[in-house]
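Novice: Could you work out the structure for the sequence below:
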Amino acid sequence: MAKSDLSIDILGTKITISTDEDPQYLNKLLEKYRQTIDNVKRVSSLKDPLKLAVLTGFLLCDDLEKAEQKSKGPGAESPHSEESGEAELLTAGIISRLEEALEISSGAEIKFEVNPAVLYKLKNTVKNYDWGSPEWIPALVGEKNLSRIPWAELWMGVNPAAPSFVILNENEKTSPGKTPAALPLSELIDSEKEIFLGKEIAQDYGTLPFLFKVLAAAKPLSIQAHPNREQALEGFERENRAGIPLDAPNRNYRNPNHKPEIICALEPFAALCGFRKKPEIVFLIEILSQSSEGVLEAGFENLISALGEENENPYKAFLSSLYSLGSEVRQALGPFIKTQVQLLEKDFPEYLNEWKLCSYLAGLYPGDIGIIAPLYLNIVELAPGEAMYLPAGVFHSYIYGLGMELMADSDNVLRGGLTPKHVDSTELLEILNFSEYIPEILKIPESAPSWYSYPSPAPEFTLSVMRGEGNLISYPETGSSIVFITQGSAVITEPESGTEMIVSKGESVYIPAGENRRVIVSGNFTAYAASVPCKSS
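Specialist: I've put the predicted structure just below:
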């Protein structure tokens with residue numbers, strides 16, 4: 001068969017392909033490619049030919065994968081169907097942010113001078129989960145989200161799953177469509193750890209030990225708890241010995257670190273946190289069960305009986321009984337709550353929030369035993385500026401709201417409900433703190449100064465809020481810090497080096513460690529700072 005030559009001239013690049021394929025078919029492929037490029041141009045701001053070609057190729061691969069799945073017939077599942085919903089969101093998120101990623105990686109060779117006095121503006125990574133909001137974080141950082149993919153978290157730190165980049169010279173001249181040169185924050189820190197982290201932190205952790213986030217929960221997160229340091233190390237090594245891949249859906253421990261955390265509300269924020277008092281749980285379960293029948297009635301009776309257990313911790317006995325409920329009880333639970341909610345609201349209005357939340361969760365997660373979590377966990381509401389600290393082993397779920405979250409740099413999560421993801425109830429019952437726990441609401445004093453730090457025992461981090469009203473504020477932290485502006489605009493100055501940087505709403509800056517460093521902040525703004533507390537301070 002004679003070969004056909006196809007001349008291609010796309011995006012200023014000319015190439016000739018010699019192949020046995022039919023010329024008409026080749027021209028059809030070429031037209032498809034040109035149409036896809038035109039679509040990419042229309043919905044994005046990309047101008048660079050390389051970036052357009054890369055994104056076009058990605059979209060065509062997406063079309064190919066979908067076509068292959070469709071060819072398998074109705075109901076066909078992908079190899080990763082267990083987390084297919086999240087996978088689709090992540091894929092869409094990659095597409096929507098590819099321009100940003102390419103701009104960072106396609107810069108010229110990066111050169112920088114190690115200077116702890118320099119302030120480094122950050123370019124941060126967005127995480128896309130289905131419980132996020134397509135609007136809240138984009139509005140905060142001043143970006144358009146044309147894809148309408150939920151933005152759940154904005155990560156600031158060195159975690160390899162979503163690292164921050166430092167913009168080395170924000171004022172450098174670049175060609176159209178390119179951003180200033182940038183490199184991962186971890187690489188900057190690794191270049192001179194003792195300079196950027198301080199000697200103590202470099203020796204103790206070897207890297208930035210915290211992960212700072214903007215969290216946008218438009219829907220509830222899973223009910224979950226985090227292990228302490230000893231549990232995390234033991235579990236991590238055990239799963240390594242078992243040969244479970246780090247990215248496996250059934251992996252519980254992805255690193256050997258614990259994950260204490262603190263959440264501070266930017267907008268009204270609701271959560272479930274800590275076990276209620278045992279008599280109150282019994283009372284609420286008894287009220288809910290009044291009109292139940294058959295297997296559902298028996299299930300409620302088992303739960304109430306477990307709370308009266310004397311030979312075992314009643315909270316552990318209760319959860320063990322809850323996780324052992326059969327599928328018939330689980331499937332009946334949601335519809336039963338829906339039929340009872342109006343009567344419960346009328347007869348027991350003092351628990352109005354509990355009934356409404358159970359009904360709401362039943363609508364989102366039918367068949368999930370987590371829908372009665374509001375009856376055994378405390379409902380916590382945070383006003384803007386209020387925070388709560390969550391130690392290891394505390395059962396909790398963020399229900400709704402926008403907040404600043406700060407934690408040790410770990411992603412070890414044991415889930416217990418309200419999720420399609422892996423739930424290992426056996427392991428969860430090993431790491432939970434089975435005692436009554438009512439979180440302390442951390443409030444800013446009415447006569448608060450320009451700087452206030454929320455109290456927490458975590459050695460890896462301190463969360464602080466800073467408010468400027470045209471005055472000069474001397475930045476008090478000496479450990480490595482990340483500062484995120486939530487309102488207004490601040491001018492951050494390092495007088496000794498003459499470094500000055502304007503940081504506006506939605507932007508963040510990395511401030512290296514320095515015991516003798518002097519940093520001045522001015523302007524009208526609100527900012528949240530994550531910093532590593534120094535032992536000597």
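Novice: Can you give me the neighbour number for the residue nearest to Ser456 when sequence neighbours are not counted?
Specialist: The shortest distance from Ser456 to any non-neighbouring residue, by Cβ to Cβ, 6 or more residues apart in numbering, is to Tyr389 (4.6 Å). The C-beta positions use only the backbone N, C-alpha and C, and glycine is treated the same way. By other Cβ atoms under 10 Å, 20 other residues sit near Tyr389.
Novice: tell me the SS of Tyr389?
Specialist: Judged by DSSP: H, G, I helix; E, B strand; the rest coil, the three-state class of Tyr389 is strand.
Novice: Is it in contact with Glu440, as I believe?
Specialist: Yes: between Tyr389 and Glu440 there is a contact at 7.3 Å, judged by Cβ atoms under 8 Å.
Novice: Spell out which helix or strand contains Ser321, please.
Specialist: Per DSSP states H and E, Ser321 falls inside helix 314-323.
Novice: I'd like the average pLDDT over the following helix or strand past that helix.
Specialist: Later in the chain than helix 314-323, the nearest helix or strand by DSSP H and E is helix 327-347. Averaging pLDDT along helix 327-347 yields 96.
Novice: Pull the distance from helix 327-347 to the chain's centre.
Specialist: 32 Å (Cα atoms, centre = their mean, to the nearest Å).
Novice: Alpha carbons of it, in CSV - could you do that?
Specialist: Extracted in CSV, the C-alpha atoms of helix 327-347 (Å, rounded to 0.1, in the frame of the first residue of the first chain):
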residue,chain,number,x,y,z
SER,A,327,-27.1,-3.6,55.7
GLU,A,328,-30.9,-3.9,56.3
VAL,A,329,-30.7,-1.6,59.3
ARG,A,330,-28.3,0.8,57.5
GLN,A,331,-30.6,1.1,54.5
ALA,A,332,-33.7,1.6,56.7
LEU,A,333,-32.1,4.3,59.0
GLY,A,334,-32.1,7.2,56.5
PRO,A,335,-35.8,6.9,55.4
PHE,A,336,-36.8,6.4,59.0
ILE,A,337,-35.1,9.7,60.1
LYS,A,338,-36.8,11.5,57.2
THR,A,339,-40.2,10.3,58.3
GLN,A,340,-39.6,11.3,61.9
VAL,A,341,-37.9,14.6,61.6
GLN,A,342,-40.9,16.9,61.7
LEU,A,343,-42.4,15.1,64.8
LEU,A,344,-39.0,15.2,66.5
GLU,A,345,-38.6,19.0,65.8
LYS,A,346,-42.1,19.6,67.2
ASP,A,347,-41.8,17.4,70.4
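Novice: Could you pull out the buried residues of it?
Specialist: For helix 327-347, burial by neighbour count (16 or more other Cβ atoms under 10 Å) applies to Val329, Arg330, Ala332, Leu333, Gly334, Phe336, Ile337, Gln340, Val341, Leu344, Glu345.
Novice: now swap in stretch 226-242 and tell me
Specialist: Buried residues in stretch 226-242, defined by neighbour count with 16+ other Cβ under 10 Å: His226, Pro227, Gln231, Ala232, Leu233, Gly235, Phe236, Glu239.
Novice: Tell me the confidence at Glu477?
Specialist: According to the prediction, Glu477 has pLDDT 91.
Novice: would it count as being in a helix?
Specialist: No: in this structure, Glu477 is coil, not part of a helix, as judged by three-state DSSP.
Novice: neighbouring contacts of the helix holding Ser321?
Specialist: The contact list for helix 314-323, computed with Cβ atoms under 8 Å, 6 or more residues apart in numbering, reads 275, 278, 281, 302-303, 305-309, 369, 376, 416, 425, 428-429, 432, 434-435.
Novice: and the angle for that helix with helix 327-347?
Specialist: 120 degrees (axes from the mean of the first three to the mean of the last three Cα atoms, to 10 degrees).
Novice: Just give me how far helix 314-323 sits from the chain centre.
Specialist: Mean C-alpha position of helix 314-323 versus that of the full chain (Cα atoms, centre = their mean) differs by 29 Å.
Novice: buried set for that helix?
Specialist: Buried, per 16+ other Cβ under 10 Å, within helix 314-323: Pro314, Tyr315, Ala317, Phe318, Leu319, Ser320, Ser321, Leu322.
Novice: same thing with stretch 449-465?
Specialist: Going by neighbour count (16+ other Cβ under 10 Å), the buried part of stretch 449-465 is Trp451, Tyr452, Ser453, Tyr454, Ser456, Ala458, Glu460, Phe461, Thr462, Leu463, Ser464, Val465.
Novice: First-to-last residue distance for that stretch?
Specialist: In stretch 449-465, first residue to last residue: 10 Å (Cα to Cα, to the nearest Å).
Novice: Just the mean pLDDT for that stretch, thanks.
Specialist: Averaging pLDDT along stretch 449-465 yields 94.
Novice: Tell me the gap between that stretch and the middle of its chain.
Specialist: With Cα atoms, centre = their mean, you get 20 Å for stretch 449-465.
Novice: what do you get for stretch 526-537?
Specialist: Stretch 526-537 sits 21 Å away from the centroid of its parent chain (Cα atoms, centre = their mean).
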